[in-house]
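Novice: Mind folding the following:
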Amino acid sequence: MSIFDDLKNKVGGMVKDAAKGLGDKKKDVVFPKLPDTYEEFIALPQASLADPFDTAALTVLAFCYYPSDSALSLRMLDYLRGPRPLSAMDKQFIADRFRDKDYVPRSYFNGATYKNDYVPAEPYSVSPFTNPHSEIQENMLRLWLNSGGADSPRYVDVRLAKDGKWYLWEQYILAGIREPESSNPWA
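Specialist: Coordinates of the predicted model:
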């Protein structure tokens, strides 16, 4: 037995605990009030990043700020990414995704569909979920999100750091979805 086995077991155990019985686990992450500032964002109970589902939901919330305040949104995303801030290429990718499509992140909130122009139900909530394949590699989980404008779920990958927090690793939630009904001339 190595002197590092306890350490390996501890970190690996945290991922196993989070993934234990993942199967088809779903969590409704509720935001009774949306933050107005970065300070309010990091003061949210979910911002402790102790739960991978909270990190996935906060990712959606952070992207919702991009159309009105891109600097605030990027700062929120950097917080969620922890020791791995956004690169210039990441920022350009995000900017490209938001050209003429500010509604995509709102579509992940419960109650938001193309038929109601992606206006979410209150209280605001996002419901990340897992499947039997969500443990993608050591210390990483894949959480899925349904969009009210897409036929199949999209995903967010989160990674457990040695500080015990779940940080955003990658996101695949900015892909195109159905246009809001009000902007679709054929609807």
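
Novice: Distance-wise, check the residue nearest the centre of the chain relative to Y172.
Specialist: What sits nearest the mean C-alpha location of the chain, by CA atoms, centre = their mean, is A56, with 2.7 Å. Distance from A56 to Y172, counting by CB to CB, to the nearest Å: 11 Å. From N, CA and C alone the C-beta is placed, and that goes for glycine too.

Novice: Between those two, which contacts overlap?
Specialist: Common neighbours of A56 and Y172 (criterion: CB atoms under 8 Å, 6 or more residues apart in numbering): V156.

Novice: For the residue nearest to L80 when sequence neighbours are not counted, list each beta-bridge partner.
Specialist: Excluding the flanking residues, the one nearest L80 by CB to CB, 6 or more residues apart in numbering is L168, at 4.1 Å. For L168, the beta-bridge partners are V158 (DSSP bridges).

Novice: And the pLDDT for L168?
Specialist: pLDDT for L168: 98.

Novice: Touching, it and V158? I think so.
Specialist: Yes: with contact defined as CB atoms under 8 Å, L168 reaches V158; the gap is 6.1 Å.

Novice: residues in contact with the residue lying closest to D54 once chain neighbours are set aside?
Specialist: Counting by CB to CB, 6+ apart, D54 lies nearest to Q46, which is 3.7 Å off, once chain neighbours are set aside. Q46 is in contact with V29, F31, D54, T55, A57, L58, counting by CB under 8 Å, 6+ apart.
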